[in-house]
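Colleague: fold the following and give me the result.
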Amino acid sequence: MSPTKLQATLQTALGHHRAGRLDQAGRLYDQVRKAAPTLFDPIHLAGTLAYQQGRYPESVALLTRALALDPRSAPCAMRLGLALHGLGKPQDAEKHLRASLARAPTADAWNALGLVLRALGRPADAVHAFSQAVAAQPGMAAAHDQLGALVADTQGFAFALPHFQRAVRLDPALAGGWCNLGLAQAQTGALADALLSLDRALALDPTLTLARMGKGLVHQKANRIDQALQAYRETLVHRPDRHEARSAFLLCLNYTNALSPSELFAEHRTFGTIVEAALPATSSASDSPSTGATAPRAGNRLRVAFLSPDLRAHSVAYFLEPLLQHLDRARFEIVLYHDHAVTDAVSARLREHASVWRNFASQPHAIVEAQIRTDAPDILIDLAGHTGFNRLPLFARRLAPVQICYLGYPNTSGLAAMDFKFTDARADPPGSSDREHTETLVRFAPTAWSYRPPETAPAVSPPPCLAAAPVTFGSFNNAAKFSAETLSLWTRVMARVPQSRLLLKGSGVEDPPFRAELEGRFRNAGIASDRLEFAGRTAGLEAHLDVYGRIDIALDTFPYHGTTTTCEALWMGRPVVTLAGDRHASRVGASLLHAAGHPEWIASTETEYVECAAALASAPASLAEISRSLRVQLSESPLLAHAAQAERFATALLECARQRGVSP
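Modeller: Next up, the predicted model:
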């Protein structure tokens with residue numbers, strides 16, 4: 001092929017490439033490469049095309065050859081870095097991207113480096129890289145989008161919103177930007193806006209799995225559970241390997257009674273089966289207690305590690321802190337793995353109880369696994385279950401000789417390698433509950449919870465009905481728990497207590513479309529909107545607890561009970577009416593109220609629930625006495641017997657270790 005013919009063929013190939021006719025371009029690049037095997041351009045362009053088509057090994061080979069022919073080519077070094085990143089070699093990718101930046105500090109190269117640094121678990125460095133990309137090219141929508149995603153991971157979704165909004169303004173066709181914007185809107189309570197953004201993302205790219213998952217989250221938050229489950233199912237049809245989608249699906253199933261406990265267990269076991277099928281053939285995760293080299297430790301103690309995204313101002317932390325405070329350091333060394341970008345005053349307090357504290361926020365599974373294996377805990381406790389930011393696929397790989405789930409999730413993990421679940425006999429009565437868990441249930445205490453009331457909690461105020469105001473019922477639970485059964489119960493209570501009011505407080509309930517939807521559901525049941533009040537999030541825990549002073553009686557949700565909200569209501573002197581069901585999620589209230597010494601507020605039927613609420617509402621003097629005495633009663637109950645609960649917890653840990661053949 002003559003030089004003139006070579007150039008003409010190469011230009012034709014490049015034209016096909018730019019027009020998106022990649023197969024035609026690839027064939028012509030191959031022709032030119034065969035005719036001129038030492039010519040840089042066709043090798044470089046063929047390697048770029050291979051990267052675009054996801055053929056990473058071929059791309060790396062071609063771009064490595066091209067870079068050897070022209071070591072000064074910054075674009076080639078950048079593209080080789082991207083191909084290596086696609087091949088799962090981020091360390092090698094970083095080297096070539098930094099070499100590219102040294103030659104030509106372009107926005108594209110900074111953006112690529114940010115992606116790699118994020119994969120390497122170096123968020124601060126990644127933020128710097130994306131910021132440099134934005135500075136170099138302010139109109140680069142992808143860089144704003146990536147920066148927003150990283151800010152969401154490290155600072156929270158509220159801080160990320162402006163970045164995503166800027167990204168889609170710059171490029172309205174950026175499907176990933178609309179998806180990220182929708183997720184941020186969902187997490188900050190703008191549910192209607194979130195749905196619009198996610199629908200726009202899917203219109204631009206129907207294969208965008210994360211957008212479909214996001215729609216499930218929005219519907220779940222708005223208690224459109226059937227629609228949420230459908231969105232998660234559609235996600236899993238397209239991507240059955242997306243474990244986080246299956247976890248979201250399982251969590252959502254807890255908000256409905258559509259499945260029996262045995263059917264719900266089967267769905268959880270499906271998760272475990274899929275995860276376990278992906279393990280290396282040589283793995284014996286469910287049987288082997290070995291985790292590799294043992295890290296040095298002081299004294300003859302068991303090393304107990306807790307892994308959670310909620311070691312911050314979160315319900316899980318409120319119940320964990322009393323145990324950590326009183327756990328015997330002569331017998332246990334505590335390691336805390338925080339898996340969330342937000343750290344706060346609660347995180348600082350928890351950290352004081354640990355000999356090791358690590359933050360795994362945004363870290364890839366491989367890095368987290370390597371670090372835990374290096375730390376070599378004897379016992380690893382999962383506090384997340386199938387809630388967001390969980391690491392359950394790593395537990396399937398057997399990271400510790402003893403693996404336990406506790407606190408954060410009201411069901412089984414579904415994993416054969418999860419050895420035990422800590423609970424109590426009221427939340428999980430012996431018998432069927434044992435058959436519906438892959439874990440051995442350890443009923444270690446009268447109640448599985450140990451509540452730490454906030455030191456800043458306001459004083460208990462008298463019930464407002466004493467001032468001749470109508471009785472006000474209230475629920476401060478997650479709006480996802482406002483099931484059809486729950487709303488039916490509440491409307492029956494309000495019909496039974498004429499002139500009564502209902503105050504609902506929580507993230508999302510103040511969103512106008514969602515509020516209108518709730519009002520419509522009550523109106524259809526005969527409850528006028530003027531008997532309803534909606535309150536959103538408050539600034540700080542003290543202000544949140546102060547709102548309990550505006551209600552007389554708290555109403556629990558069903559089938560997914562409240563936990564922290566029940567304890568808070570009791571601490572603020574308000575009785576809680578609950579309906580006990582046939583699974584852990586709908587028996588938490590029974591456990592807490594028995595522990596608090598008020599089993600009379602536990603209903604076994606819907607009619608009992610309505611009559612219990614009505615009886616409380618009809619006796620203002622009794623409500624006044626409850627408000628005066630309930631905090632003292634709670635203080636003297638097992639829920640606040642922190643040292644005793646920590647000792648029961650310690651005894652259970654030692655017994656689990658003994659059963660697994662582990663000793664300090």
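
Colleague: identify the residue spatially nearest to the residue nearest to the spatial centre of the chain, adjacent ones excluded.
Modeller: Geometric centre of the chain, nearest residue: Gly388, 1.3 Å, by Cα atoms, centre = their mean. Distances taken as Cβ to Cβ, 6 or more residues apart in numbering put Pro309 closest to Gly388, at 6.9 Å, once the chain neighbours are dropped. Just so you know, the C-beta spots here come from the backbone N, C-alpha and C atoms, and that holds for glycine as well.

Colleague: quick check: the one you found vs Asp382, distance?
Modeller: Using Cβ to Cβ, to the nearest Å, Pro309 is found at 11 Å from Asp382.

Colleague: now do Asn477
Modeller: Asn477 sits 24 Å away from Asp382, going by Cβ to Cβ.

Colleague: can you check Ser604 too?
Modeller: Counting by Cβ to Cβ, the gap from Ser604 to Asp382 is 32 Å.

Colleague: the two - which one has more neighbours?
Modeller: Using other Cβ atoms under 10 Å as the criterion, Ser604 and Asp382 rank with Asp382 on top: 27 against 11.

Colleague: where's that one relative to His219, distance?
Modeller: Look at Asp382 and His219: by Cβ to Cβ, they are 27 Å apart.

Colleague: kindly report the same for Phe514.
Modeller: Distance, Phe514 to His219, using Cβ to Cβ: 11 Å.

Colleague: then Thr207?
Modeller: 20 Å.

Colleague: looking at these two, which is more packed in?
Modeller: His219 (23 against 10).

Colleague: tell me the strands in the stretch 451-600 of the chain, going along the chain?
Modeller: 472-475, 501-505, 532-535, 553-555, 576-579 (DSSP state E, counting those that start in this stretch).

Colleague: show me what the helix or strand in which Ala68 is found is packed up against.
Modeller: For Ala68, the host element (DSSP states H and E) is helix 56-69. Here helix 56-69 touches helix 40-52, helix 74-86, going by 3 or more Cβ pairs under 8 Å, 6 or more residues apart in numbering; DSSP states H and E.

Colleague: isn't Arg398 right next to Ala417, touching?
Modeller: Yes. The pair Arg398 and Ala417 qualifies as a contact (Cβ atoms under 8 Å) at a distance of 5.1 Å.

Colleague: ok, back up a step: joint contacts of Pro309 and Asp382?
Modeller: Shared contacts of Pro309 and Asp382, defined by Cβ atoms under 8 Å, 6 or more residues apart in numbering, comprise Asn390.

Colleague: how far does stretch 137-148 sit from the chain's center?
Modeller: 25 Å (Cα atoms, centre = their mean, to the nearest Å).

Colleague: for stretch 155-164, that is, sorry about that
Modeller: Put simply, stretch 155-164 sits 17 Å off its chain's centre (Cα atoms, centre = their mean).

Colleague: restricting to C-alpha, output it in CSV.
Modeller: This file holds the C-alpha atoms of stretch 155-164, laid out as CSV (Å, rounded to 0.1, in the frame of the first residue of the first chain):
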residue,chain,number,x,y,z
GLN,A,155,-19.9,14.9,52.2
GLY,A,156,-23.5,13.9,51.5
PHE,A,157,-26.1,14.3,48.8
ALA,A,158,-27.1,17.8,49.8
PHE,A,159,-23.6,19.1,49.0
ALA,A,160,-23.5,17.2,45.7
LEU,A,161,-26.8,18.6,44.3
PRO,A,162,-25.2,21.8,42.8
HIS,A,163,-22.6,19.7,40.9
PHE,A,164,-25.2,17.5,39.4
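
Colleague: may I see the buried residues of that stretch?
Modeller: Across stretch 155-164, burial judged by 16 or more other Cβ atoms under 10 Å covers 156-157, 160-161, 163-164.

Colleague: and those residues, which is closest to Gln227?
Modeller: Closest to Gln227 out of the buried residues of stretch 155-164 is Phe157 (21.8 Å), distances taken as Cβ to Cβ.

Colleague: surely that closest one touches Asn180?
Modeller: No. Checked against Cβ under 8 Å, the pair Phe157 and Asn180 is beyond contact range at 9.4 Å.

Colleague: so Gln146 touches Val116, yeah?
Modeller: No. Judged on Cβ under 8 Å, Gln146 makes no contact with Val116 at a distance of 11.3 Å.

Colleague: can you pull the phi/psi pair for the residue nearest to the centre of the chain?
Modeller: phi -60, psi 150 (degrees, to the nearest 10).

Colleague: how confident was the prediction at it?
Modeller: Looking at Gly388, its pLDDT reads 88.

Colleague: heading C-terminal from whichever strand or helix holds Glu611, find the next helix or strand.
Modeller: Assigned by DSSP H and E, Glu611 belongs to helix 606-617. Downstream of helix 606-617, the next assigned helix or strand under DSSP H and E is helix 620-635.

Colleague: got the buried residues for the next helix or strand after that next one?
Modeller: Downstream of helix 620-635, the first helix or strand assigned by DSSP H and E is helix 642-659. For helix 642-659, a neighbour-count test (16+ other Cβ under 10 Å) marks 642, 645-650, 652-654, 656-657 as buried.

Colleague: let's have these in TSV, adding distance to Ala194 and pLDDT.
Modeller: Output for these, formatted as TSV (distance: Cβ to Cβ, whole Å; pLDDT from 0 to 100):
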residue	distance to Ala194	pLDDT
His642	40	98
Gln645	40	98
Ala646	41	98
Glu647	46	98
Arg648	43	98
Phe649	39	98
Ala650	44	98
Ala652	42	98
Leu653	41	98
Leu654	47	97
Cys656	42	98
Ala657	45	97
